[in-house]
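*Asks:* Prediction below, plus the sequence it came from.
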Amino acid sequence: MLGATSTAAERRLALRKGLAGDQILRFPGAINPLTAQLIEQLGFDGVYISGGAFSAAMGVPDIGLTTLSEVTEHGQQISRVTNLPSFIDADTGFGEPMNVARTIQLLEDAGLSACHLEDQVNPKRCGHLDGKDVVSIEEMTKRIRAAVQGRRDENFVISARTDSRAGEGLPAAIDRAKAYADAGADLIFPEAMKDLGEFEAFAEALDVPILANMTEFGKSELFTASQLQDAGVQMVIYPVTTLRLAMGAIEAGLTQIRDEGTQAGVVDKMQTRARLYEVLDYESYNSFDSDVFNFTL
Ligand SMILES: C[C@](O)(C(=O)O)[C@H](CC(=O)O)C(=O)O
Ligand SMILES: [Mg+2]
């Protein structure tokens, strides 16, 4: 009720413990706070907050147009309603290394548990598109060192994503990841892996945990959580999945309303009012004020 009952520090600690455990952590993307509540109630390990989904929801492509303030506010709205750790996409860090340090502090202040920074140039693009460019190893390690320096809660997880697999090949991407881990990254996000063997190669080469991005319509096959766990991966994100599910349903429903003149034919596909109230835990607001939940559906 009224948001998370845990503190940000407790959620970060839980994430640290989870990453040190032997079970893969599953983080679906939350497109809004309500989705995060559902993710928690369905028993997932954490909530991912996607830059791609957020920019799409704002009506623009994922090319770094959303601002640090917008992203932080969105992250805060989500992290404050869930007891799960929340992991946010910080793109290239919103500027030069000094800006990256400040980005980390704002994300900490917003109650987030983790973020990832990527080695793409600006303007960045979705990691599963062709023609990406990356900055030099030196520049990316500067970003990471600045992030680590800016961090005030040592349990805030800083993840380094490398988009170099496509342009530089697997061995070079692994070398980059090693340099990023040496610079202080707690978790490595190898973007757009071609197969399970590539995840395995990263996991074998590195002492820090590995994240797998199971985004649909991308370069990676959709492996199961247990396949990824067997390949040595500690965390999997389903970043844009809830947006795609919702938008697929919204488009089908709107088309039917347009064509049939009523939504009656799609009502059975909707979340009911009763179910919505259950997810929101409407009833428990009665403990504050017994006049709140005194109606019948
Ligand atoms: C993970 C990602 O950075 C995101 O913003 O969610 C995207 C996902 C996508 O566009 O499918 C990515 O670059 O992989
Ligand atoms: Mg992104």
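*Replies:* Cool, the structure landed. Ligands and ions are numbered 1, 2, ... in the order given.
*Asks:* and the helix or strand hosting E204, how far from the chain's centre?
*Replies:* Assessed by DSSP states H and E, E204 sits inside helix 196-205. Remark: helix 196-205 is offset 21 Å from the chain centroid, using Cα atoms, centre = their mean, to the nearest Å.
*Asks:* Also stretch 149-156?
*Replies:* 19 Å.
*Asks:* before we move on, the earlier item: run through who's touching the helix holding E204.
*Replies:* Helix 196-205 is contacted from outside by 165, 170, 173-174, 177-178, 188, 190, 193, 210, 212, 221, 223, 227-228, 231-233, using Cβ atoms under 8 Å, 6 or more residues apart in numbering. No exception for glycine: its C-beta is placed from N, CA and C like everyone else's.
*Asks:* now stretch 136-147
*Replies:* 92-93, 97-98, 100-101, 103-104, 117, 119, 134, 158, 160, 162, 175-176, 179-180, 182-185.
*Asks:* Could you do stretch 163-177 as well?
*Replies:* Counting by Cβ under 8 Å, 6+ apart, 118-120, 127, 130, 132-134, 137, 140, 160, 162, 188, 190-194, 198, 201-202, 205-206, 219 sit against stretch 163-177.
*Asks:* thinking again about what came up before, could you give me the buried positions within the helix holding E204?
*Replies:* 196, 198-203, 205 (16 or more other Cβ atoms under 10 Å).
*Asks:* doesn't G218 make contact with R244?
*Replies:* No - the criterion here is Cβ atoms under 8 Å, and R244 misses it with G218 at 11.6 Å.
*Asks:* how about stretch 231-246: buried residues?
*Replies:* Per 16+ other Cβ under 10 Å, stretch 231-246 contains these buried residues: 231-244.
*Asks:* do the helix-or-strand element of the chain with minimal mean pLDDT and ligand 1 meet?
*Replies:* Lowest on mean pLDDT, DSSP states H and E among the helices and strands of the chain sits helix 165-168, with a mean of 95. No - Helix 165-168 lies out of reach of ligand 1 by Cβ under 6 Å from any ligand atom, never closer than 11.6 Å.
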